[in-house]
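A.B. asks: Show me how the following folds:
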Amino acid sequence: MSNSNGQPDPCNIIVSGVGGQGNVLASRLIGRAMVKFDYHVSIGETYGASQRGGTVMSHVRFSSKHAYGPLIPKGRANTVIGLEPMETLRILKDYGNPDVSVIVNTRPITPVSVNLGQGRYPDADELKDAIGQLSKRSWLIPATEIALEIGTPVVANVVLLGTLVGAGLIPITPGDFEQVLRDNVPERRLDRNLEAFTKGIEGVQTYVA
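C.D. replies: Prediction:
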């Protein structure tokens with residue numbers, strides 16, 4: 001279903017990553033932004049097997065009408081934000097659909113099984129093709145590299161949030177989301193987070209697949 005503005009309602013967003021990549025924080029920032037504008041928000045987490053490196057998948061659901069359960073049904077994601085490309089592909093296979101949009105960090109984190117020689121990690125072109133086939137729109141962003149240029153890899157998640165907002169995938173303006181960052185990020189880290197957010201917005205045109 002969609003609301004009068006053409007936005008899906010409920011809007012279902014999955015943010016995935018390996019432990020420590022900041023996907024839980026990213027999901028909380030999305031949730032706080034939507035609560036600020038009077039949406040009903042539900043957030044849940046599911047955890048992958050340790051063989052996949054301790055993956056975490058955050059479900060964010062918001063609606064202008066009423067609250068929904070915190071876990072997104074299979075095949076019903078509107079947007080998938082992935083901090084690790086192969087994990088993003090795995091999630092797309094379960095939660096994607098012909099209309100899903102994908103924003104993915106291109107920096108791989110090889111799972112334990114690959115490091116032990118028990119598996120193979122796909123190359124970048126394979127991942128790009130597979131993600132493109134399973135999505136309507138996709139952005140493949142070197143978010144970790146952008147974050148390192150800013151001065152810290154931990155803002156890669158905020159780079160991806162900039163692309164989410166800049167692409168119009170959630171009903172909030174860049175200025176309003178910047179205010180959410182100002183309200184929730186410690187002052188000593190704020191400038192780098194704001195720069196990361198701006199870089200993500202700029203990436204909407206640069207990194208669309």
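A.B. asks: Every contact and neighbour count from this point should use C-alpha atoms.
C.D. replies: OK.
A.B. asks: right, and the helix or strand after the helix or strand of the chain with the lowest mean pLDDT?
C.D. replies: When each helix and strand of the chain is scored by mean pLDDT, DSSP states H and E, helix 112-115 comes last, with a mean of 60. Using DSSP states H and E, the helix or strand that follows helix 112-115 in sequence is helix 124-133.
A.B. asks: Check which residues of that following helix are buried.
C.D. replies: 127-128, 131-132 (16 or more other Cα atoms under 10 Å).
A.B. asks: same check, this time on stretch 60-70
C.D. replies: If you call a residue buried by 16+ other Cα under 10 Å, then stretch 60-70 has these buried ones: 60-63, 70.
A.B. asks: Can you give the distance of that stretch from its chain's centre?
C.D. replies: Put simply, stretch 60-70 sits 18 Å off its chain's centre (Cα atoms, centre = their mean, to the nearest Å).
A.B. asks: Can you spell out which residues form a bridge with the residue nearest the centre of the chain?
C.D. replies: The residue lying closest to the centre of the chain (Cα atoms, centre = their mean) is residue 81, at 2.2 Å. Bridge pairing for residue 81 (DSSP bridges) gives the partners residue 15, residue 103.
A.B. asks: State the distance from it to residue 95.
C.D. replies: To residue 95, residue 81 is 12 Å away according to Cα to Cα, to the nearest Å.
A.B. asks: got it, and residue 173?
C.D. replies: For residue 173 relative to residue 95 (Cα to Cα), the value is 27 Å.
A.B. asks: outside of stretch 14-30, which residues touch it?
C.D. replies: 43, 53-60, 77, 79-84, 87-88, 154, 156-158, 161, 180-181, 184 (Cα atoms under 8 Å, 6 or more residues apart in numbering).
A.B. asks: For the lengthiest helix in the chain, what is the distance to the chain centroid?
C.D. replies: When every helix of the chain is counted residue by residue (DSSP state H), the longest turns out to be helix 187-206. From the chain centre to the centre of helix 187-206 is a distance of 14 Å (Cα atoms, centre = their mean).
A.B. asks: Check the average confidence over that helix, would you?
C.D. replies: On average, the pLDDT along helix 187-206 is 97.
A.B. asks: show me where pLDDT drops low in the chain?
C.D. replies: For the chain, applying pLDDT under 70 flags the ranges 1-5, 49-53, 111-118.
A.B. asks: That one: strands as residue ranges?
C.D. replies: Using DSSP state E, the strands assigned to the chain run over residues 11-18, 40-47, 55-63, 79-82, 101-105, 137-141.
A.B. asks: Just send those strands back as TSV, with distance to residue 195 too.
C.D. replies: Formatted as TSV, the strands of the chain follow (distance: least, Cα to Cα, whole Å):
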stretch	distance to residue 195
strand 11-18	21
strand 40-47	26
strand 55-63	24
strand 79-82	19
strand 101-105	17
strand 137-141	15
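A.B. asks: Just to check, residue 180 is in contact with residue 34?
C.D. replies: No - judged on Cα atoms under 8 Å, residue 180 makes no contact with residue 34 at a distance of 9.7 Å.
A.B. asks: okay, these two: which has more neighbours?
C.D. replies: The neighbour comparison of residue 180 against residue 34 (other Cα atoms under 10 Å) goes to residue 34, with 22 against 17.
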